[in-house]
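K.L.:
Output the structure for:
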Amino acid sequence: MQQMVMYEEDFKRIREVCDKLLRDANARVVFVVDRNGQLIASSGETRGLDTTSLASLAAGNMATTIAMAKVLHEEEFTTQFHEGKNLHIHIQIVGKRVILVVVFDNRSSLGLVRLRVKKASQELNQIFEDIIARIQKESMSPFADITDEDIDNLFND
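P.N.:
Numbering: from 1, shown residues only. Below is the predicted model of the structure:
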């Protein structure tokens, strides 16, 4: 998978999607996590919550689920739902790149969360497509393959 470089504007767009999803789904917390478990963005009631552990565990959980899917000859299971007594977690892979985690309670419903996650996933996928397109465009620069050594050699002649 290609290395992704995000600028502040990318982060702001991702955060806006998280904030909107938080409101529209009546959720408690929304995370966007990369497939390696690194937290990209979060929104909501994160005080007192070990966001690093939750992000890492969500990624590990998805990796395990993908392995189970392969055993069953499926490409992957893109969605998971865990129901607790007070809190519930909806986890969704977005564009094979990132994981969207929504923590909600009984103020919301799984149906509402799934509906709002579908729209947010489309928006996030577009953001990441834009990032990838920008990275590919930047790497096509005529100067992209010029190294410091090339410059030194040019001026040392």
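
K.L.:
use CA for all of it now, contacts and neighbours both
P.N.:
OK.

K.L.:
quick one: average confidence on the strand or helix carrying residue 138?
P.N.:
Assigned by DSSP states H and E, residue 138 belongs to helix 110-139. Helix 110-139 comes out with an average pLDDT of 90.

K.L.:
can you check stretch 91-102 too?
P.N.:
Per-residue pLDDT values over stretch 91-102 give a mean of 92.

K.L.:
about what we covered before: would you mind listing the buried residues in the helix holding residue 138?
P.N.:
110, 113-114, 116-117, 120-121, 123-125, 127-128, 131-132, 135 (16 or more other Cα atoms under 10 Å).

K.L.:
just those residues now: which is nearest residue 41?
P.N.:
residue 124 (11.5 Å; Cα to Cα).

K.L.:
That closest one and residue 14 touch, don't they?
P.N.:
Yes. Residue 124 is in contact with residue 14 according to Cα atoms under 8 Å; the separation is 6.6 Å.

K.L.:
I'd like the distance between the residue sitting nearest the centre point of the chain and residue 32.
P.N.:
Centrality entry for the chain: nearest residue to the mean C-alpha point is residue 98, 3.2 Å, by Cα atoms, centre = their mean. Separation of residue 98 from residue 32 (Cα to Cα, to the nearest Å) stands at 7 Å.

K.L.:
Helices of this protein, residue ranges please.
P.N.:
All helices of the chain, identified by DSSP state H, fall at 8-24, 51-71, 110-139, 148-156.

K.L.:
Take the ones you listed and write them to TSV, including distance to residue 92.
P.N.:
Shown next, in TSV, are the helices of the chain (distance: least, Cα to Cα, whole Å):
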stretch	distance to residue 92
helix 8-24	13
helix 51-71	9
helix 110-139	8
helix 148-156	42
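
K.L.:
Sounds good, over and out.
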